[in-house]
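Student: Turn this into a model:
(2 chains)
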2 protein chains.
Amino acid sequence: MRLHGFFRSGASYRVRIALGLKGLPFEQTSYVLRRGDQRQPAYVAINPQGLVPTLELDDGTTMTQSLAILEWLEETHPEPAMLPKDPMERARVRAFALAISCDIHPVQNLGVLNAVKALGHTDAQVNDWAKRVNAEGLDACEKMLVGTRGPFCFGDKPTLADICLVPQLVNARRFGADTSGWTRLLEAEAACNALPCFADALPERQPDAE
Amino acid sequence: MRLHGFFRSGASYRVRIALGLKGLPFEQTSYVLRRGDQRQPAYVAINPQGLVPTLELDDGTTMTQSLAILEWLEETHPEPAMLPKDPMERARVRAFALAISCDIHPVQNLGVLNAVKALGHTDAQVNDWAKRVNAEGLDACEKMLVGTRGPFCFGDKPTLADICLVPQLVNARRFGADTSGWTRLLEAEAACNALPCFADALPERQPDAE
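Tutor: Purely as a prediction, here's the structure:
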């Protein structure tokens, strides 16, 4: 398999973790987002949104959208599982993953920050936007874990929730969000990063890290 | 079941369609978003994000995030199906649904538009933001359907893709996006709205419609 992505892309990071968790080897093609590599015609032909990641299988089939890729991985390579078996527990894990993937990540990604900047705002104002989105979003995520067992978001094994959380925390820190109230989130992050599949997926360990 | 939502919320609209498709009766509690009803403590206690929708089951169990609710409905009430059986086809349907749910909807929802306005921009500039997000996002969605069979997004039955598309098209028109290039999207929309489960879920047919 080949992952078309970028070391700093949170959505690519999710797929790196999941491929590692499932024990699937993969190669990477890097797209420098600030340079606009992801908008080149050859790439847009396989990913009409012009976003990373895209997962390319050995037969050339391509898939887009990180959560769709993660669900496909779960369906085609069930062990170790990234979702619990019980439908209601699955719903809780997915809701947490979506709270990050829908309501935090896209609202602080490069495209939106560029759009804020294009409205005439300073780099500091743009950073404040991203910091606020991460802070408010992850505050809600911390509350979504009230009453759950640790050390991971939902019990003793990492799930889609952790796979979305860990990359988002990297972004939250990059934009200067205050992490001090996130007891359960940081507990889950520490448990995750003790596992090789999470550690190997860290941005700074990728071949294209700047 | 009780759907906590709002007639104009695109994410609530998705769940209304899915409940109708599965033949599940439900009652509604309305939260007027511009008035901030969704931030009242009693609601935030069941939905820490302060967003609609929340689905409440008869035993009081609650679920948040529309796509998590849709996946739960699919797992607990499999017929009629909202996802194909083949994992790769499921990945394509989910990628389309996520292209809307992650990369369009949250970037043009009330919270983000209020944040743009708070940066000192006019109502016209705020509308331009929402119009651009819908136009660019749905242009990409139209391209994601190249080579697929109609009349629905992915063949002869509605899927999660259509359930996300139809509410987004309502928003796109509301913000004045040009729909003329969206041949396949509009074909799918027409096929959907000919079905009672889609027609009954239309915003203007809800008890809280203004």
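
Student: Show me the domain layout of chain A.
Tutor: A:2-80, A:87-197 (automatic domain parsing).

Student: roughly how far out does the first one sit from the chain middle?
Tutor: Read that as domain A:2-80. The chain centroid and the centroid of domain A:2-80 are separated by 11 Å under CA atoms, centre = their mean, to the nearest Å.

Student: Straight-line length of it, end to end?
Tutor: For domain A:2-80, the first-to-last residue distance is 21 Å (CA to CA, to the nearest Å).

Student: Same check on stretch A:186-199?
Tutor: Rule used - CA to CA; the end-to-end distance of stretch A:186-199 is 15 Å.

Student: likewise stretch A:42-52?
Tutor: Terminal-residue distance, stretch A:42-52 (CA to CA): 13 Å.

Student: Show me what counts as buried in that stretch.
Tutor: For stretch A:42-52, a neighbour-count test (16 or more other CB atoms under 10 Å in any protein chain shown) marks A:Tyr43, A:Asn47, A:Pro48, A:Gln49, A:Gly50, A:Leu51, A:Val52 as buried. For glycine as for every other residue, the C-beta is placed from the backbone atoms N, C-alpha and C.

Student: Quick check: next helix or strand after the helix or strand harbouring the first one?
Tutor: Think A:Tyr43. Taking DSSP states H and E as the criterion, A:Tyr43 maps to helix A:41-44. Where DSSP H and E defines the elements, the next helix or strand beyond helix A:41-44 is strand A:54-56.

Student: List of residues touching that next one?
Tutor: A:1-5, A:15, A:43, A:46-47, A:62-64, A:69 (CB atoms under 8 Å, 6 or more residues apart in numbering or on different chains).

Student: What about those, which are in strands?
Tutor: In strands, judged by DSSP state E, the following of the contacts of strand A:54-56 are found: A:Arg2, A:Leu3, A:His4, A:Gly5, A:Thr62, A:Met63, A:Thr64.

Student: Quick one, which of those residues are buried?
Tutor: For the ones in strands among the contacts of strand A:54-56, buried by 16+ other CB under 10 Å: A:Leu3, A:His4, A:Gly5, A:Met63, A:Thr64.

Student: which ones among those residues come in contact with chain B?
Tutor: A:Met63, A:Thr64 (CB under 8 Å from any CB of the partner chain).

Student: so where's chain A uncertain?
Tutor: Scanning chain A for pLDDT under 70 picks out no residues.

Student: which stretches of it form helices?
Tutor: A:10-21, A:41-44, A:66-76, A:87-101, A:110-118, A:123-144, A:160-174, A:183-193, A:196-199 (DSSP state H).

Student: Throw those into TSV and include distance to chain B, thanks.
Tutor: Output for the helices of chain A, formatted as TSV (distance: least, CB to the nearest CB, whole Å):
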stretch	distance to chain B
helix A:10-21	9
helix A:41-44	8
helix A:66-76	4
helix A:87-101	4
helix A:110-118	6
helix A:123-144	4
helix A:160-174	10
helix A:183-193	12
helix A:196-199	21
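
Student: who's in contact with the nearest residue to A:Ser9 once chain neighbours are set aside?
Tutor: Nearest non-adjacent residue to A:Ser9, counting by CB to CB, 6 or more residues apart in numbering or on different chains: A:Val52, 4.9 Å away. For A:Val52, the contacting residues are A:His4, A:Gly5, A:Phe6, A:Ser9, A:Ala11, A:Ser12, A:Tyr31, A:Leu33, A:Gln38, by CB under 8 Å, 6+ apart.

Student: Does A:Met1 touch A:Leu57 like I think?
Tutor: Yes: applying CB atoms under 8 Å, one finds A:Met1 in contact with A:Leu57, separated by 5.8 Å.

Student: So for these two, which residue has more residues nearby?
Tutor: A:Met1 (15 against 12; other CB atoms under 10 Å in any protein chain shown).

Student: what about the more buried one, distance to A:Arg14?
Tutor: Between A:Met1 and A:Arg14 the distance is 15 Å, computed by CB to CB, to the nearest Å.

Student: quick one: contacts for the closest residue to A:Leu98 other than its chain neighbours?
Tutor: Among residues not flanking A:Leu98 along the chain, B:Gln65 sits closest, at 4.2 Å (CB to CB, 6+ apart). By CB under 8 Å, 6+ apart, the contact set of B:Gln65 is A:Arg94, A:Ala95, A:Leu98, A:Ala99, A:Cys102.
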